[in-house]
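> coords please:
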Amino acid sequence: MNITLENLTPRQVLFAEILWNMQSADAVTAYIKLTPEPYKHDIKVVHSLLVAAVFDQHDTTDLAESVLDKFRK
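This next block holds a predicted model:
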């Protein structure tokens, strides 16, 4: 899967690469906790952008629809 994020600073690009290569949500959480305070905001923003970009890549909502169907009946 290829994700493109535009208009990032060089530091944000580095954070995006680090986050993209993490193997779990726990690793991301630990990374954010261990990051010095001045950089946490950028990391959280980049993380949100990555999550949004991944969601944008998926154009089917079959799983969501099947879950919602259980509540619609």
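> and the lowest mean pLDDT element among the helices and strands of the protein?
The weakest-scoring helix or strand in the chain, judged by mean pLDDT, DSSP states H and E, is helix 62-72 (a mean of 74).
> who's in contact with that one?
Applying C-beta atoms under 8 Å, 6 or more residues apart in numbering, helix 62-72 has no contact partners. Just so you know, the C-beta spots here come from the backbone N, C-alpha and C atoms, and that holds for glycine as well.
> now do that helix: distance to the chain's middle.
24 Å (C-alpha atoms, centre = their mean, to the nearest Å).
> again, but for stretch 44-58
Per C-alpha atoms, centre = their mean, the centroid offset for stretch 44-58 relative to its chain is 4 Å.
> OK, contacts around residue 20?
Neighbours of residue 20 in contact, by C-beta under 8 Å, 6+ apart: 3, 50.
> for it, give me the pLDDT.
Here the pLDDT value assigned to residue 20 is 93.
> residue 60 too?
65.
> equivalent analysis for residue 27, please.
96.
> report all helices and strands that whichever helix or strand it is part of contacts.
Residue 27 belongs to helix 25-34 when assigned by DSSP states H and E. If you count contacts as 3 or more C-beta pairs under 8 Å, 6 or more residues apart in numbering; DSSP states H and E, helix 25-34 packs onto helix 10-20, helix 37-57.
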